[in-house]
Every structure is written in C-alpha cells, then in structure tokens.
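[1] All I have is the shape, not the residue letters:
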DNA sequence: GTCTATAGCTTGATAGAC
DNA sequence: GTCTATCAAGCTATAGAC
C-alpha cells in the first residue's frame, strides 16, 4: 500500500494535485505575475497557506507545475521517437517522420489528455518567449529531449552543419509553441476559416512545413538543393 | 514652430516619451503584471503620478507602448513591400522576397534602431504568445499589414487555398516572434555555436526556411510540387 | 493536513499643493 | 507639469490553533 499508486489517493496528495491543476490553469491564462496565491487557492477550493505547506512558495509552485508534465511528456516523446526509428527502414526515418515524433505527442496530449495539458502547453508558449524564463526554464526541462531529436535529425541530414540544425530547430520551436498557445489569433485573422484549436489541421501541416525548411537550409544533398535555392531566391 | 518636430521638444512631451521608453524596457523584461507603475517611474526618473497624468493608468500606458512603434513599423513594412513589388519583374516578387519584406524591417530596426526597438520586439514576442493579449492586441495593431502581405503572397502562389496561406503565416509568425524575443535559448542549447542576437544569421535563413514551407504547403504548381512531396514524405 | 489570523509590504490610483 | 501624501485594497509568507 506504499506504492506511488497508493500515494496518489492519500488525502494530502489529492490537495497537492488540485493546487497544481489550478495553478497550471491560471498561470497559463495570465502568466506568473498575473496570478496570486490567493486566486490559485480559491480556484482549488483550498486554503492559501497550503501553497507554502506543499511547495514552499509561489515560485516553487510555478516550478512544480512546469516539472510535473515535462517528465511525462519527455518520456512519451522519447518512446515515440524510438518507435519511429524502429519502424523506419535501414536508411532511417525521414526528416518529416522525426519532426512528427517531436510534435505529435503534444497534439495527442492536447486533444486527448484533458484540459490540464492544454493549459500546460499554453503556459510553455508563454515561458518560451519570455526573456525572463525562456532560456533557463526551457533548458532545464527540455534540453535532453531536444538534443536527442537533433541527433536523429543529424542522421537524417548527414550533410547538415550543426549551426543550420540549431537554427532550424529554433524556427520549429517558435512555430510549435505559438500553435499550442492557442491564442485565437488565426481565427480572427482568417475570419473563422482557420481555428486555433483545430490541431488536426496542424498535424497535417506542421511536419511538412518545417520539414521543407530543414531540407532547404540543411541541404541534404548540396548538388540538388543548390539548384532549387537559386531559382527560388533570384 | 507648432510642428510635430517642435512638439517633441516641449517639456511635457519629453517626459511622456521617457515614461514610454522605461515602460517598454520593463514590460519587455517581465510582462505587464511583472512591472509596477512605481518601477517604471523610477526607471524614467519621474514621479509615479505622471503615469496617470499622461496616460490615465497602467493599462493605457501599456497600450501606448504597443501603439507607438507599431505605427512606424507598419509604414516601414508597407514601403518595403511596395519597393519589392516595383523591383520585381512582370511575374512579381518571389515568395522569399515577400517574406523578406515582412521580416527585414524588424531585423533592420532591431540592429540599427536603438535599444527601444529591441525591447519592443521582445514585448511583441510575449504578447503574441499570450492567451490574454495574443488575439486582440495583435489584431488591433497588425491586421492591416498582415492582410496586405497575404495578398502579395496570394499573387506569388496563385494555386494556394486561403486556408494554407493562413496556416503558413501562422508558422512564420511563431518563428519570427521567438527569434525577436532573443531569449538566449539557442545560445545555451547550441553551446554558444549560435547566438540569439546574431540577427544576420536569421536574415540569411528565415526567408529560405519559411519560403520552403510555403512552397511545400501551398503547392504553387501542383505537378511539380507533388513530385517533391512524394519523395520527401515517403 | 488544514485553517485562522495577521504581520509587514506593495499595489494602482488620486486629491490637492506648488 | 510635477510633486507629496495618502488611501483602500491586495500581496506573500508565516506562526500557531486545531
């Protein structure tokens, strides 16, 4: 009865999780400074003092929110990438397959994981673009999995200089986090034709879009890409 | 002597601009809620009460910060696009040329416009990814210029369905605002090989990367692109 | 493990002197 | 136009009852 399973049903652990859920939701909506400990406690139907009891303080609660799903997400992404590599032929998975392994776990959790995951990804979207947290927090929780994906991409694009791979990943990252921020911007810009929460639309497009960018910049085969670059740019 | 030029040198107008500069810098660093009116006034060496006097309140100051450079930036971008269209042959500018017209004004202002522009773009990066401001604020200040660019792209990609164009723009937008957030993430991820503030590196890469994505998804000529899609994805 | 009570500050806004 | 003084409200954090 002292398993992790049993721990989850203990009274205090339930309160702790509820506080994490509420904090996740509110931080995702208004950012770290836009939310008060009292608001989080009220949303969780708990006492504000419990934030200090379980986490130490507001900042530590923020870190706990970020960590909770990062661990699960990284495991899912790693499994998905390894599956993708097993399924590929001896030449290895394509750039697009690798990118899909990186992005699809987010799509899946956002669609099928419940509202907590949606909030979590929206929060990541804000943290990523913040000068205050963007470098340190993202490195802390996601560097290992990103490096693992970059290795896979390096094998798929053997002629690519590392510098190109990092910049391509950077562009991918920007497109990805804006997508999962689901701000509603594309809805109003397109007059309702496209919807922020239509993640299957993203599923069809993002790996192709980003894959084309990787191929263009990472010049998988210099001879063939030089040709297309020339007539594309001039 | 009652020209706009003269107005800029009037005592009160100078205070107003200094408050805008300080607010821009601090909002860019910690977001709307992470900054206090007192901190802004202190940074500007002015009295906190002057925020109410000139702007009405904190929120109105925030709007004034966003508006100030949006107006100038939109004019620069429009001029740049029209120049690009004039310079192009009868077949019109390429996708890459149009994208460069959209992104280069940001690169130029960030490099040559002084620190205020850098702060401004970092702030835009945060606002864009925020569920609270991402849709409304961005639409308010940037919808007209974005629609103008989408029209240009529609001419360059005559077979593209509108839906594809909007999603491609969405991916472009994500990559762009993360770039100008200059969070330092790529610096640590790449171990110093790439630098967030190396905007000439972006200048060389972003239009090619994004252009390839547009071409892939918007299938400029179905016959030719179908071929490359096929051998790319499977 | 949960709650009350409260300490000790800081917040945005404003009234009114100069 | 600028400043001082101040308000009412809200903030995080904590000590201690239960």
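    In hand now; what should we look at? No experiment lies behind these values; they were computed from the predicted model shown.

[2] Now the nearest residue to residue A:218 once chain neighbours are set aside. Its backbone dihedrals?
    The shortest distance from residue A:218 to any residue other than its chain neighbours is 3.4 Å, reached at residue A:160 (C-beta to C-beta, 6 or more residues apart in numbering or on different chains). In short, each C-beta sits where N, CA and C put it, glycine included. When read as degrees, to the nearest 10, the backbone of residue A:160 gives phi -80, psi 130.

[3] count of residues packed around residue A:10?
    For residue A:10, the count of nearby residues is 10 (other C-beta atoms under 10 Å in any protein chain shown).

[4] residues touching residue A:98, list them.
    Counting by C-beta atoms under 8 Å, 6 or more residues apart in numbering or on different chains, residue A:98 makes contact with A:81, A:84, A:149, A:152-153, A:156.

[5] quick revisit: wait, the residue nearest to residue A:218 touches residue A:169, no?
    No: Residue A:160 is not in contact with residue A:169 according to C-beta atoms under 8 Å; the separation is 11.1 Å.

[6] So for the two, which residues contact both of them?
    Contacts common to residue A:160 and residue A:169, judged by C-beta under 8 Å, 6+ apart, are residue A:153.

[7] Compare neighbour counts for these two and give me the winner.
    More neighbours surround residue A:169 than the other of residue A:160 and residue A:169, with 24 against 20 (other C-beta under 10 Å).

[8] and the angle for the helix or strand containing the more buried one with helix B:162-181?
    Using DSSP states H and E, residue A:169 maps to helix A:162-181. Here helix A:162-181 runs at an angle of 120 degrees relative to helix B:162-181 (axes from the mean of the first three to the mean of the last three C-alpha atoms, to 10 degrees).

[9] What's the mean pLDDT across helix A:162-181?
    Helix A:162-181 carries an average pLDDT of 98.

[10] buried ones in that helix?
    For helix A:162-181, a neighbour-count test (16 or more other C-beta atoms under 10 Å in any protein chain shown) marks A:164-181 as buried.

[11] Which one of the contacts of residue A:98 is nearest to residue B:26?
    Using C-beta to C-beta, residue A:149 is the member of these that lies nearest residue B:26, at 35.4 Å.

[12] now the closest one, what's its secondary structure?
    helix (DSSP: H, G, I helix; E, B strand; the rest coil).

[13] close enough to count as contact, it and residue A:100?
    No: at 11.1 Å, residue A:149 does not count as touching residue A:100 under the criterion of C-beta under 8 Å.

[14] Looking at those two, which is more packed in?
    residue A:100 (23 against 19).

[15] Roughly how far does that one sit from chain B?
    With distances taken as C-beta to the nearest C-beta, to the nearest Å, residue A:100 is found 10 Å from chain B.

[16] Once you drop chain neighbours, what's closest to that residue?
    Using C-beta to C-beta, 6+ apart and skipping the chain neighbours, the partner closest in space to residue A:100 is residue A:207 (4.5 Å).

[17] for residue A:178, same thing?
    Distances taken as C-beta to C-beta, 6+ apart place residue B:174 nearest to residue A:178, at 3.1 Å, with adjacent residues excluded.

[18] residues contacting the one you found?
    Counting by C-beta under 8 Å, 6+ apart, residue B:174 has contacts A:174-179.

[19] And the residues you listed, which is closest to residue A:22?
    Nearest to residue A:22 among the contacts of residue B:174 is residue A:177, at 22.7 Å by C-beta to C-beta.

[20] Please verify my assumption that that closest one contacts residue A:124.
    Yes: between residue A:177 and residue A:124 there is a contact at 6.2 Å, judged by C-beta under 8 Å.

[21] pLDDT of the helix or strand that contains residue A:80, averaged?
    Take DSSP H and E as the rule and residue A:80 turns out to sit in helix A:58-87. Mean pLDDT, computed over helix A:58-87, is 98.

[22] interface residues of chain A facing DNA strand D?
    Neighbours of DNA strand D within chain A, by C-beta under 7 Å from any atom of the strand: A:35-39, A:48-49, A:51-52, A:57-59.

[23] For PyMOL, what selects the buried ones among those residues?
    Command for PyMOL, covering only those of the residues of chain A next to DNA strand D found buried under the criterion 16+ other C-beta under 10 Å:
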select buried, chain A and resi 35+37+51+58
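
[24] Just the residues of chain A next to DNA strand D: which are in helices?
    Per DSSP state H, helices hold the following members of the residues of chain A next to DNA strand D: A:37-39, A:49, A:51-52, A:58-59.

[25] filter the residues you listed down to the ones close to DNA strand C.
    Answer for these near DNA strand C (C-beta under 7 Å from any atom of the strand): residue A:49.

[26] What is the nearest of the ones in helices among the residues of chain A next to DNA strand D to residue A:143?
    Nearest to residue A:143 among those, with distances taken as C-beta to C-beta, is residue A:59, at 20.9 Å.

[27] which residues sit in contact with that closest one?
    residue A:32.

[28] How much space separates it from residue A:65?
    Applying C-beta to C-beta, to the nearest Å, the value for residue A:59 to residue A:65 is 11 Å.

[29] Equivalent analysis for residue A:76, please.
    18 Å.

[30] Compare these two (neighbour count), which wins?
    Neighbours per residue, other C-beta under 10 Å: of residue A:76 and residue A:65, the larger number sits with residue A:65, 27 against 18.

[31] where does chain A have low pLDDT?
    Residue ranges of chain A with pLDDT under 70: A:1-9, A:220-234.

[32] residues from it in reach of DNA strand C?
    A:10-12, A:14-15, A:46-50, A:53.

[33] farthest-separated two in the residues you listed?
    A:10 and A:48 (21.5 Å).

[34] on that earlier part again, quick check: next helix or strand after the helix holding residue A:80?
    Helix A:58-87 is succeeded, C-terminally, by helix A:95-112 (DSSP H and E).

[35] Just to check, residue A:65 is in contact with residue A:25?
    No: assessed by C-beta under 8 Å, residue A:65 is found out of contact with residue A:25, at 9.6 Å.

[36] which residues are in contact with the host helix or strand of residue A:14?
    Residue A:14 is part of helix A:11-30, with elements assigned from DSSP H and E. Helix A:11-30 is contacted by residues A:7-8, A:35, A:39-41, A:43-46, A:50-51, A:54-55, A:61-62, A:64-65, A:68, A:115-116, A:118-120, A:122-123, A:126, B:33, B:131-132 when judged by C-beta under 8 Å, 6+ apart.

[37] Mind listing what's buried along that helix?
    Applying 16+ other C-beta under 10 Å to helix A:11-30 flags A:15-16, A:18-30 as buried.

[38] Out of those, which comes closest to DNA strand C?
    residue A:15 (3.5 Å; C-beta to the nearest atom of the strand).

[39] now the closest one: how far from residue B:209?
    Distance of residue A:15 to residue B:209, computed by C-beta to C-beta: 47 Å.
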